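Peer 1: can't give you the sequence, but here's the structure:
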């Protein structure tokens, strides 16, 4: 079975834990054995020195007979749990432990080298095969009046260190290995449960890559995978509509270009073949001019939107009074509104109408929104432009009392060339690009524009802009050529020319 990235991470992590724990265990065992060996060796040496100074010294100095000395050594061996060897100056073994080993001799030379016989030593030694395994042995040469009188050897088992090592491994390492195995099984289960939705997402992604945007992600979990699946389906829905958008775009732009071109061609042809008499040329030439202006406006809108797509819109931001822009726009549409019997109302709920934005672009936004509202507002109704302040931002609302927009069309209003059916019937001059441009301009400012609408009651567009910024004005130095008085407030000070 193919290993996933998650499996590799888990296995790598488990191996790392095992390695770290193994190093820790062996380091601990090594140090424990080393310290224990040092303690046993120190105890062995101190015990040997004590026996040399007491029992052995008494025997060598003639303070007792051999039976008493032998009894003392036997009692010491049993009490201290050590084997005791003793050889005289000739190397003859007078005292040695019992053993079933065949390797047994009467002289100490068989067991020790000459170097060991005449100098203190400690070493791991099996005494030339006397012991089945190595013992820790310590030798103490005995001198009486400067003369070598023999050697005392103490040997003790170091099997306890091996027992401690085995006990440490059994009590710590074995349970840890069992824990690792159980953890691996648990991680495999968790891995499978976590990777199952990921595999489903990968499967559906392949379907999307193949062009099948109808595939559904069967992931219903309340975590990041569920959220990813949700957004993937939303993305697929958008991609599935891309062909529809493309066809709609071609259809709309073809219609918007073909209609004026057909009118222009028809009128010019009629004038050339005499269908339209010369006295009516002015009327139809004005119609042709209007159609060319419509084509120009449409082309400019396309170029402008294309610039938004090609690179980030460069804004010339500054502080300006939004009220002035709104007043100028209202004056522009005043005549048109009077002709159609539409009331244009302004409401300022704040005295602070200074914003920091691109003046030209925002003027274009307000113009587009008011122009759009006029298209949808019937005679006798009202359009309201309202400015308010909230949370360090200035909000501008353009609300009409027109026919409203169906819910299914609200999300499409800002799409390029999108027109609701009512707008096509009422306004043939619209390009379907105004609201798309408006959205891009507000987006370039880092702000949002929202639309709320209800069929039969009208629509309301609201966008936000940041409040004015404090501009730092550089202070230029004042150079005074002549000696004169400079007045500040009500006082005077004299500047003397150097």
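Peer 2: Looks like it arrived, so ask away. Owing to the predicted nature of the structure, the values given are computational and were not obtained by experimental measurement.
Peer 1: all contacts plus neighbour counts: C-alpha atoms, from now on.
Peer 2: Noted.
Peer 1: So residue 94 belongs to a helix, correct?
Peer 2: No - assigned with DSSP: H, G, I helix; E, B strand; the rest coil, residue 94 falls outside any helix and is strand.
Peer 1: And it, how far from residue 122?
Peer 2: As defined by Cα to Cα, to the nearest Å, residue 94 lies at a distance of 21 Å from residue 122.
Peer 1: Between those two, which is the more surrounded one?
Peer 2: residue 122 (18 against 14; other Cα atoms under 10 Å).
Peer 1: In the sheet, which residues pair with the more buried one? Tell me.
Peer 2: Legend: beta-bridge partners of residue 122 under DSSP bridges are residue 138.
Peer 1: pLDDT at residue 14, what is it?
Peer 2: Note for residue 14: predicted pLDDT of 75.
Peer 1: so it touches residue 180, yeah?
Peer 2: Yes - contact criterion Cα atoms under 8 Å: residue 14 and residue 180 qualify, at 7.5 Å.
Peer 1: got a list of what residue 257 touches?
Peer 2: Contacts for residue 257 (Cα atoms under 8 Å, 6 or more residues apart in numbering) come out as residue 295.
Peer 1: Now do it against residue 446, distance only.
Peer 2: From residue 257 to residue 446 the distance is 33 Å (Cα to Cα).
Peer 1: Phi, psi for residue 151 please.
Peer 2: Here is the backbone geometry of residue 151 (degrees, to the nearest 10): phi -150, psi 140.
Peer 1: pLDDT score for it?
Peer 2: pLDDT, residue 151: 93.
Peer 1: all strands for the stretch 201-350 of the chain, in order.
Peer 2: Taking DSSP state E, counting those that start in this stretch, the strands of the stretch 201-350 of the chain run over residues 317-321, 343-348.
Peer 1: List the contacts of whichever helix or strand comes after the longest one.
Peer 2: Think strand 343-348. Sequence-wise, the next helix or strand downstream of strand 343-348 (DSSP states H and E) is strand 354-358. Contacts to strand 354-358, defined as Cα under 8 Å, 6+ apart, come from residues 315-322, 394, 445, 465-469.
Peer 1: Check the offset of strand 354-358 from the chain's centre.
Peer 2: 35 Å (Cα atoms, centre = their mean, to the nearest Å).
Peer 1: again with stretch 82-102
Peer 2: Distance, centroid of stretch 82-102 to centroid of chain: 75 Å (Cα atoms, centre = their mean).
Peer 1: buried stuff in that stretch?
Peer 2: 82-88, 91, 93, 95-96 (16 or more other Cα atoms under 10 Å).
Peer 1: hang on, the earlier thing: go through the contacts of strand 354-358 and name the one nearest residue 210.
Peer 2: Nearest to residue 210 among those: residue 445, at 37.3 Å, using Cα to Cα.
Peer 1: Contact partners for the closest one?
Peer 2: 315, 357, 465.
Peer 1: Against residue 412, how distant is the first one?
Peer 2: Here the distance between residue 315 and residue 412 works out to 26 Å (Cα to Cα).
Peer 1: where does the stretch 251-400 of the chain have low pLDDT?
Peer 2: Within the stretch 251-400 of the chain, the stretches with pLDDT under 70 are 251-256, 259, 294, 301-313.
Peer 1: Residue 87 touches residue 106, doesn't it?
Peer 2: No - checked against Cα under 8 Å, the pair residue 87 and residue 106 is beyond contact range at 9.3 Å.
Peer 1: Give the residues shared as contacts by the two.
Peer 2: Counting by Cα under 8 Å, 6+ apart, the residues touching both residue 87 and residue 106 are residue 93.
Peer 1: Filter the contacts of strand 354-358 down to the buried ones and hand me the ChimeraX line.
Peer 2: A single ChimeraX command selects the buried members of the contacts of strand 354-358 (16+ other Cα under 10 Å):
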select :319,320,322,394,445,465,466,467,468
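Peer 1: Return the member of the contacts of strand 354-358 nearest to residue 240.
Peer 2: residue 445 (30.1 Å).
Peer 1: Report the central residue of the chain.
Peer 2: The residue lying closest to the centre of the chain (Cα atoms, centre = their mean) is residue 224, at 13.1 Å.
Peer 1: so how far is residue 231 from that one?
Peer 2: 11 Å.
Peer 1: what does residue 448 give?
Peer 2: In terms of Cα to Cα, residue 448 sits 21 Å off from residue 231.
Peer 1: More neighbours: which of these two?
Peer 2: The neighbour count for residue 448 versus residue 231, taken as other Cα under 10 Å, is higher for residue 448 (15 against 12).
Peer 1: For stretch 150-167, buried residues please.
Peer 2: 150-158, 161, 165.
Peer 1: what's the answer for stretch 383-402, then?
Peer 2: 383-389, 393-402.
Peer 1: Then stretch 107-122?
Peer 2: For stretch 107-122, by 16+ other Cα under 10 Å, it's 108-109, 111, 116-118, 120, 122.
Peer 1: give me every residue that touches residue 151.
Peer 2: 86-89, 117-118, 139-142.
Peer 1: Report how many residues lie close to residue 460.
Peer 2: Residue 460: 20 neighbours (other Cα under 10 Å).
Peer 1: Remind me what the host helix or strand of it packs against, helices and strands.
Peer 2: Following DSSP H and E, one finds residue 460 within strand 458-466. Judged by 3 or more Cα pairs under 8 Å, 6 or more residues apart in numbering; DSSP states H and E, strand 458-466 is in contact with strand 354-358, strand 393-400, strand 449-454.
Peer 1: Dump these to a markdown table, plus distance to residue 375.
Peer 2: Converted to a markdown table, the helices and strands packed on strand 458-466 look like this (distance: least, Cα to Cα, whole Å):
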| stretch | distance to residue 375 |
| --- | --- |
| strand 354-358 | 26 |
| strand 393-400 | 10 |
| strand 449-454 | 15 |
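Peer 1: Sounds good, over and out.
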